[in-house]
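A.B. asks: Fold the following for me, if possible:
(2 chains)
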Amino acid sequence: MDPLQFGTMWKTLIAAVSDGGRTLMRTAFSEALREARDFSVGLFDGEARMIVQGDFSPAHLGAMPSAVRHVLAYYDRSDMKPGDGFVVNDLYMGSGHLCDFFLISPIFREEEIIGFAVSCAHMIDVGGAVPGSQAVEGIKDHYQEGIRFLPTRFWDEGKPSPELFRTLEANVRVPRKLVGDLQAMMHCNESVAERVITLVDNFGPEAYTEACDRILVESEKEMRQTLLKLGTRSGHAVDFFDDYGPGTEPLRIELAITLENGYLTMDFEGSSPQTASGINGIANYVNSYCYFVVKASTDSALLPQNEGSIKPITIKAPHGSIMNAAPPAGGGARGVMQQRVVDVVFQAMAEIVPTGGMGAGSHWANPVLSRDGSTGTKEKYVHYDVIVGGFGGRSSSDGLEAMSNSFNVDSIPIEVTEQAMVMLIEELSFIPDSAGAGQYRGGHGVRKRILMLEDQVHVSNLGDRQVFGPPGILGGLEGSKGSTRVNPGTDSEQIVHSKGSVTLRRGDTMQWDLAGAGGYGDPERRAPEAIAADVREGLLSESRAREVYGWTGSVVVEEGAK
Amino acid sequence: MSLVVGIDVGGTFTDFILFSGSPASGAMLEVGAWKVLSTPQDPSEGILHGLDELLNNYGKRLEDIEWLIHGTTIAPNTVIEQKGATVGLITTRGFEDIVQMGRQYRHNPFDVVHLQRHSPLVTRRHTKGVPERLRADGTIHVPLDEKAVAESIQDLCDDGVDSLAIALLHSYRFPEHELRIAEIAREINPDLPLSLSHEVTPEMREYVRFITTVVNAYVRPNFVTYVEKLQNDLKQRGFGGQLLIMKANGGVAWPADIARIPVHAMESGPAAGVHFASQIAKMHDRSGVLAFDMGGTTAKASLTRDGVLPLTDILEVDLREMRPGTGLPVAIPSVDLAEVGAGGGSIAQVYLGTIQVGPESAGSEPGPVAYGRGGTRPTVTDAALVMGHLDSENFLGGRMSLDERGARDAIQQQIAEPLGIDVEAAAWGIAEGAIQNMVHAVRAVSVDQGVDVRSHTLVATGGAGPLHATRIARHLGIEEVLVPPMTGIGSAVGLVDAPPRWEHIDASFRTLSKDFDPKGLLRELHESCRAAGRKTKSISSAVLTEVFVSAHYEGQGHSIEILLGQPDLLDERVKDVFTRFEDEYRRLFGQVLENSDIVVTKIRVSTSMVWPERLSALKQDRVQLDSTRNFSTRRKPVYAGPEFGWIDSPVIDRRNLTPGEAVHGPAVIIDNEATCVLLDGDTATLLPGNLIQIKIGAQERSGSTQPSVAAQDLVK
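C.D. replies: Purely as a prediction, here's the structure:
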């Protein structure tokens, strides 16, 4: 095919998916989609191969092909009609927890299926034991985590099924938002489908098929070229998850990577068995973040996402392990695991491609503060907080701060939070001396302290890296550990477990200290100017600078300045 | 004699435009243009020197100038070149790191190993948290510790801070503590320039307000020095008129006003250019306009209706390679533009079996291979030359010769050979790559704004705009392209007509149910109008005041803005706020939420002074701008794409076009500033005012010819 036409077609398909995402974001009802952009959009061809996935959440890269395959296992193509929409949120067929709903729409042209428009979105509640459907404690299996759909036809020739929507509405806590979000996904799929049909009308079905083939071939070729350049290498890493609830044991995550002949194999042999809790890694989800790190660490960040670009990568994990949990294990709180998957893969990849490695990140915290208004004042709220620390150190720069190196959501301003909920945030700051030292240090940990302005505030904590600090790589040092405390610095100070819960009263404060991220490279190689700059900026005490960097300098402070 | 002069300082050139006419009729009769090389070290040098030449050419004197309107890049350049003030920041204790933390979102989710954030322009060391805290409802949680404030400010001054930002939580509604801190600062050092967040941008969301305030503090001393020097220099030479400065909102301001909040001048040229394009179209009774400007490094597009510019709340400054998320956000009203790294200097390369264009650019130094200044990588300009779309003999009126051979070799070796295609096909593909980038950016904007671009008229400006306009129009299904005169200096022309405009913003929240009592809201709207009036200078000219209200459904996050109209209509219209909101919501999203309250998040009062009809001269006259000799039409082969190949086509001097005569494509129309390419089926005619109208003859075969489905069409 003429490369000009090929380029035009590829760009148009990427734009179709990207604009589908804009439509989804602008018509969605829930904040998770509108504000935090926790969704993805993809296009599959007639043979159900993923041709384009837009630049959305990395969590869905591995899950989307699985969702499409399972829909096709339940429904014969000959049974599909224009306007149909198939929903699946099963955690094993989808993305590892029930909150992610996939909507798959066949794209018809002249009575033939020429592809599938697919959207995937995080629903803020799908029922189950707790609001938000992401409980850790008390979860024995996924049946406690919310409503589950195996592939199901929700739209029949454009008509939504009232029975199915009624069933869905009866089982979730905020039905209006979920139904509105599903409708937005349908809008998105329709807009993607229309663009693809126009493209095929203009260029013809043969050219379209050829372009799809070639997109996959070129992408796979590019990824293989990138991997081939790295030679024959292997990498290995072991890291630990603190535990999966109060009174539980640490979880071991082990990864061996081999790279040979442009093919990369990742094996999680040696990792802990799956748990009876909401924390379990399901293959599709784990795989998504493995692909993510490989892309990020091998300079293929700009390579478009599709089935070709991930083809040279094979991921294995023992069945029934924490990295490949088997039914009926729950996965509602799996979001808290993704950071560790990313940490381990970056650590192992650093042995294969040092310039692409990164020290382990601060672990984020995702506590839910809620008040049901049943006692005391009638103030009611559910606040899903997202507290984000730093990246680990990298091959040419320090870790970025207050930004996740794995998931990707926007911050919610303090002024917005306080406008909506009766609470007062007392502090949001970096924790000096918390960064893992290195030639390039990790990002600093972040401290957030909230003052309760009402009684009866229930907090479900969700965090990690309070037992095992974030390790550094290639000689970089570990970052400081995190903690969660009620009324810190007072007589009534109390430690709260990273996955524990507590009920607070008016006047209580709760403080999250996130771990500092791990360093990259030997601290002795850190540039003296960089050490001095951290000292001058108040991020590094002189005593610690001497201790970890052997620093002998001093910061000249002009008279009168502090 | 009434003389109005516009001066637009760009990276390479400083552009001048002169309109003169009689004050009695208000109509402008004479138009003149000039262009000199910019003087980046001190832009005023180029301005004064070029102004002399302009006035000489047209037999005018500096004393004759009544209004001098200036678009300056001094504010953004101060950030880009990191030449700003040593900024100190006083903020709420506990939140010193807000500006260091920035935003969490990564625009390319996979870019983590090399990602860098923009410097926040203030160090942590120069950030001082002081004990004070207001709650969201304005009650005092921690009183202001004035002693700590005084000590902190003294420390900062001792440590070399020469511009102070004051930004506290919840100050956008409750500014008392910020105001008191400013008083204390003035007592300590009356000369220290102060930037208060509630004055710079009274918007909720602390990070963006804080960083906007810091940026303001950072650029302010430079900006003030520059404007004062320019005013003095002009005055010494006899200038007695009024200098005005262009703002990002499409309006202009008096120097004393903008000097306090120079962040409003963070962008000016593009806003003026869009104003020019939309006004030209409006004069010719076109309603929906796609203003398309393409220069050396980027292309910009904006969708306007009936001469009204779309505004956005946040502008990102100092982007790297036009990638969102790499710059600093500033919350100022600015003209909403889609900008992509696709200009004449954008570099093409082969990647994944396709031609990728930009965002890397050869800029003007070394520039395209064809410039012969050391550029070795093929660019969009090189491609245009190889296809015969640019004329090496008549480029920029013959002031610069182009190396066609070099351009051809670079494309042959770096693009055509690796892909196994002809050199001209490769050139076509390079242009196509740039066009695709722009087309997809325009379509994304049209999805966001809920408009169908097919009904729009494309107005092409910028040195490379007319060159690619007909192909862009084909892709978007647009049927008409207008190429105004003076395309290369469209921003300067826009300056002359941009009205003085002020925005007053009240960001208090109120929740309204469907049967709300309008009295309270009405009172607040009138109060906002009065406050806006107090800010307005006593100007003799007519003033247009418009009131806007932003709202969202209870529980949502992003507001939509609705126009309530002029203040004297408020009594009537305030009752309809809810209905108007629902109408707009339905237009954008296709449905309304039943039984939901709405939250009014912002009242904006926009006050504009109305100029006499300045651009009317462009409609009536044959604008004749230069004295170089016309060349007579000749023929040469022009490449019309792989389908048609080379076609022997006329190359026409724009000045030789006569009204009513139709030119059929393929053809090339050239003037001193730009080249306009007609493809097969296109027809160009000359409209009054030397405006070229092109009827597009065909549509491009791609997935883009249909509009993307606007949300309202999707809802069944």
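A.B. asks: My guess is B:R373 contacts B:G367. True?
C.D. replies: Yes - with contacts counted by Cβ atoms under 8 Å, B:R373 reaches B:G367, the gap being 5.4 Å. (C-beta placed from N, C-alpha, C; glycine too.)
A.B. asks: Neighbour count: those two, which is higher?
C.D. replies: B:G367 (21 against 13; other Cβ atoms under 10 Å in any protein chain shown).
A.B. asks: so what's the more buried one up against?
C.D. replies: Contact analysis of B:G367 by Cβ atoms under 8 Å, 6 or more residues apart in numbering or on different chains lists B:G296, B:G345, B:R373, B:G375, B:T379, B:T381.
A.B. asks: Angles on the backbone of it, please.
C.D. replies: Note on B:G367: backbone dihedrals following degrees, to the nearest 10 are phi 80, psi -180.
A.B. asks: show me where the stretch 501-650 of chain B has helices.
C.D. replies: For the stretch 501-650 of chain B, the helices defined by DSSP state H, counting those that start in this stretch occupy B:518-535, B:570-573, B:577-589, B:616-620.
A.B. asks: Ok, the stretch 101-250 of chain A next?
C.D. replies: Along the stretch 101-250 of chain A, the segments classed as helices by DSSP H, counting those that start in this stretch run A:162-171, A:175-203, A:205-228.
A.B. asks: Can you convert those into CSV and add a column each for mean neighbour count, mean pLDDT and distance to B:T225?
C.D. replies: Below are those laid out as CSV (neighbours: other Cβ atoms under 10 Å in any protein chain shown; pLDDT from 0 to 100; distance: least, Cβ to Cβ, whole Å):
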stretch, mean neighbour count, mean pLDDT, distance to B:T225
helix A:162-171, 14, 95, 64
helix A:175-203, 23, 91, 51
helix A:205-228, 19, 96, 50
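A.B. asks: lowest-confidence stretch among the helices of the stretch 501-650 of chain B?
C.D. replies: Ranked by mean pLDDT, the helices of the stretch 501-650 of chain B end with helix B:616-620 at the bottom, a mean of 67.
A.B. asks: And the residue in the stretch 51-200 of chain A positioned nearest to chain B, how close does it get to A:P160?
C.D. replies: When scored by Cβ to the nearest Cβ, the stretch 51-200 of chain A has A:L199 as its residue closest to chain B, at 3.2 Å. As judged by Cβ to Cβ, to the nearest Å, A:L199 and A:P160 stand 27 Å apart.
A.B. asks: what does B:I421 give?
C.D. replies: 48 Å.
A.B. asks: Give me every residue in the stretch 251-400 of chain B that's in contact range of chain A.
C.D. replies: Taking Cβ under 8 Å from any Cβ of the partner chain as the contact definition, the stretch 251-400 of chain B meets chain A at B:L352, B:G353, B:T354, B:I355.
A.B. asks: right, and the third one touches A:F6 too?
C.D. replies: Yes - if you go by Cβ under 8 Å, B:T354 and A:F6 touch, sitting 5.9 Å apart.
A.B. asks: what bits of the stretch 351-500 of chain B have low per-residue confidence?
C.D. replies: B:394, B:396-399 (pLDDT under 70).
A.B. asks: Which parts of it are helices?
C.D. replies: Counting by DSSP H, counting those that start in this stretch, the helices of the stretch 351-500 of chain B are B:380-386, B:404-411, B:417-419, B:423-449, B:465-476, B:490-497.
A.B. asks: would JSON lines of the ones you listed with distance to A:L264 and mean neighbour count be doable?
C.D. replies: Putting those into JSON lines (distance: least, Cβ to Cβ, whole Å; neighbours: other Cβ atoms under 10 Å in any protein chain shown) gives the following:
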{"stretch": "helix B:380-386", "distance to A:L264": "37", "mean neighbour count": "30"}
{"stretch": "helix B:404-411", "distance to A:L264": "36", "mean neighbour count": "21"}
{"stretch": "helix B:417-419", "distance to A:L264": "27", "mean neighbour count": "16"}
{"stretch": "helix B:423-449", "distance to A:L264": "31", "mean neighbour count": "24"}
{"stretch": "helix B:465-476", "distance to A:L264": "39", "mean neighbour count": "27"}
{"stretch": "helix B:490-497", "distance to A:L264": "51", "mean neighbour count": "30"}
